[in-house]
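S.K.: What follows is a protein structure lacking sequence information:
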């Protein structure tokens, strides 16, 4: 960004670009936005331009947006140029709030690919309609994602969270990791005999076994294993369970006895 001292008594025209994630920084999305905005401002004779970039999908406090707000507060912004409105916000609530901030400070918002301009009443109406459409699209994506998870869940497939210890993923789906599966059995059987999560943890760590992240087991990780129904062949979604397609590591009888034992110890 240019030093504001380089342009005394003049305002900036901000060319704002955004991509959703780090993985998109080096693809064509960000350079494309910057190229479109540069050419648009050049063709329109727009001077005193600066680029501000965000690599973020949905954070409330994006660094680039916060930087723009600071410049607006210092009365140093003439207009904000974006390729499309959804580069600012997909949420109609946040988007409207930001637009109001701009309007209150006589800052125009101009889209290069949607011919929208808040300096006109028609453009202002259009920009609010586009925000509504963006919000609708966001909700549709959320609904489709949830529907996909529900469908996967009902078909017996894992649809959320990391792959549980004791399993790996290959071309055939979720399969047992034989070494880790044997450790899972040891954890359950040891707890049944010792009646202590702490003692089970000590035994597992003394044998040099580690988690998938190559760390020592903790009381919490042992407890999470003992209460995970994935090991009896079930999959879960928002507190509901369904018979999964993966192979169980322990029997339902052993799991039920373990849960009862944990419950009784907790009460005690």
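M.R.: Happy to help now that I have it. This is a predicted model, so every value here is computed, not measured.
S.K.: who are the neighbours in contact with the closest residue to residue 257 other than its chain neighbours?
M.R.: Spatial nearest neighbour of residue 257, excluding adjacent residues (CB to CB, 6 or more residues apart in numbering): residue 192 at 6.8 Å. Backbone N, C-alpha and C define where each C-beta goes, glycine included. Going by CB atoms under 8 Å, 6 or more residues apart in numbering, residue 192 touches 254, 257, 258, 261.
S.K.: Put the buried members of those into a ChimeraX selection.
M.R.: Buried residues among the contacts of residue 192 (16 or more other CB atoms under 10 Å), as a ChimeraX selection:
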select :254,258
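S.K.: rewinding a little: show the pLDDT at the residue nearest to residue 257.
M.R.: Per-residue pLDDT puts residue 192 at 94.
S.K.: Likewise for residue 245?
M.R.: 86.
S.K.: Please tell me how far the residue nearest to it when sequence neighbours are not counted sits from residue 79.
M.R.: Counting by CB to CB, 6+ apart, residue 245 lies nearest to residue 156, which is 4.1 Å off, once chain neighbours are set aside. According to CB to CB, to the nearest Å, residue 156 and residue 79 sit 54 Å apart.
S.K.: Have a look at the two and say which one is more surrounded.
M.R.: residue 79 (21 against 16; other CB atoms under 10 Å).
S.K.: quick revisit: state the phi and psi torsions of the residue nearest to residue 245.
M.R.: phi 80, psi 20 (degrees, to the nearest 10).
S.K.: One more: residue 66?
M.R.: The phi/psi pair for residue 66 (degrees, to the nearest 10) is phi -60, psi -40.
S.K.: Please report how far it lies from residue 72.
M.R.: Taking CB to CB, one finds residue 66 at 11 Å from residue 72.
S.K.: now residue 253
M.R.: Distance from residue 253 to residue 72, by CB to CB: 65 Å.
S.K.: In the stretch 51-200 of the chain, where is pLDDT below threshold?
M.R.: Within the stretch 51-200 of the chain, the ranges that satisfy pLDDT under 70 run 57-60, 90-93, 115-120, 123-124, 127, 130-131, 134, 159-160.
S.K.: Touching, the residue nearest to residue 245 and residue 247? I think so.
M.R.: No - using CB atoms under 8 Å, residue 156 makes no contact with residue 247, being 11.8 Å away.
S.K.: which of residue 66 and residue 72 has more neighbours?
M.R.: Ranked by neighbour count (other CB under 10 Å), residue 66 and residue 72 place residue 72 first, with 21 against 12.
S.K.: nearest spatial neighbour of that one, skipping sequence neighbours?
M.R.: residue 105 (5.1 Å).
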